[in-house]
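Chemist: what follows is a predicted protein model with its sequence.
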Amino acid sequence: MPLAASAQEGAVRYSHTAPILYGAPDPILEAIAAEDGTEYSQGPSHVTVPRMLVFDSSSSLMYPAINQIVVPGDRPEWEYIDTTYVNFANGTYKESREFNADTYLVDGEQPVVSWRLPSEERIYLGHRIMKATAAVDSAVIEAWFAPEISVPAGPGLYGGLPGLILLVTNVTTGEVYAAESVNLGDLPQITAPTSGHVVSDDKYDQIKRAELAADKRFQSRMRRNIEEGRVRIRRQ
């Protein structure tokens, strides 16, 4: 029996806990902490924000549920995934990412994940969900999907299962998406993001690695200058 149309489109609100990507440790803050006899902390390792996922039988769009700028500790966040659009038909995605004060529009092919189904199931938010596990780039992934909602959608770039993913955990990094509500048939318009410097995923990774390496070199020079007395830390 085919699924009702309302089971193939809808909206999900997730709680998203994600690791924060920083640049190199700030030597000035390290020096201040040393003077105070306290332990230097670069800021929180993870942040939790609400996100919305809207989907139909051909595509999905994830975006922040509220307008929120995350500023962990005394340093700005280096990387922030704003909006993710996935086209199921051709297996591609477009993602708006903010990195080091610049906005990039990254496009590429959705990662193909070799999911394993260990025949475990339970009830979550009133839906029967089944467990799936995978290894992605040496990371251990655990997901739970609802087979009655027959779309290969999920939060972020997770997907490719025979049902909507409601829970997913990257056991290695501590990233977690947990659905808080599911509204079938309640579908806002799905449109791909368009703003930002258009780059491939590989090019974006090159930019990110280069800027993080440059920041590390700068902070290392600053640390040497502080240690050798060429830069003095003035407290207000």
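Modeler: Perfect, thanks for sending it.
Chemist: and the longest helix for this protein?
Modeler: When the chain is scanned for its longest helix (criterion: DSSP state H), the result is helix 201-227.
Chemist: so for that helix, what gets flagged as buried?
Modeler: By neighbour count on 16 or more other Cβ atoms under 10 Å, the buried set for helix 201-227 is 201, 204, 207, 208, 212, 215, 219, 222, 223, 226. Where you see a C-beta, it was placed from the backbone N, CA and C, and this is true even at glycine.
Chemist: secondary structure element holding the nearest residue to the first one once chain neighbours are set aside?
Modeler: What that stands for is residue 201. Distance criterion Cβ to Cβ, 6 or more residues apart in numbering; nearest residue to residue 201, sequence neighbours excluded, is residue 108 at 3.9 Å. Using DSSP states H and E, residue 108 sits in strand 102-109.
Chemist: and that strand, what does it pack onto?
Modeler: strand 92-99, strand 197-200, helix 201-227 (3 or more Cβ pairs under 8 Å, 6 or more residues apart in numbering; DSSP states H and E).
Chemist: list the buried residues of the first one.
Modeler: Looking back up the chat, that one is strand 92-99. For strand 92-99, by 16+ other Cβ under 10 Å, it's 93, 94, 95, 96, 97, 98, 99.
Chemist: do the shortest one as well
Modeler: Of the residues in strand 197-200, those with enough neighbours to count as buried (16+ other Cβ under 10 Å) are residue 199.
Chemist: next structured bit after the lowest-mean-pLDDT helix or strand in the chain?
Modeler: Across the helices and strands of the chain, mean confidence by mean pLDDT, DSSP states H and E is lowest for helix 27-36: a mean of 67. Counting by DSSP H and E, the next helix or strand C-terminal to helix 27-36 is strand 46-55.
Chemist: can I get that next one as CSV, trimmed to CA atoms?
Modeler: Taking Å, rounded to 0.1, in the frame of the first residue of the first chain, the C-alpha atoms of strand 46-55 are listed here in CSV:
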residue,chain,number,x,y,z
HIS,A,46,30.2,21.8,22.1
VAL,A,47,27.1,24.0,21.6
THR,A,48,23.4,23.1,21.4
VAL,A,49,21.0,24.9,19.1
PRO,A,50,17.5,24.1,17.7
ARG,A,51,17.2,23.4,14.0
MET,A,52,14.3,22.8,11.6
LEU,A,53,14.2,20.3,8.8
VAL,A,54,11.5,20.5,6.1
PHE,A,55,11.2,17.7,3.5
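Chemist: ok, so of the buried residues of strand 92-99, who is nearest residue 152?
Modeler: residue 93 (12.5 Å; Cβ to Cβ).
Chemist: for that closest one, give me its contacts.
Modeler: 84, 85, 86, 87, 107, 108, 109, 110, 157 (Cβ atoms under 8 Å, 6 or more residues apart in numbering).
Chemist: so, low pLDDT: which residues of the protein?
Modeler: 1-7, 21-36, 40, 42, 67-78, 186, 228-236 (pLDDT under 70).
Chemist: re earlier: any idea how many residues pack against the residue nearest to residue 201?
Modeler: The number of residues packed near residue 108 is 17, by other Cβ atoms under 10 Å.
Chemist: bridged to it, which residues?
Modeler: residue 93 (DSSP bridges).
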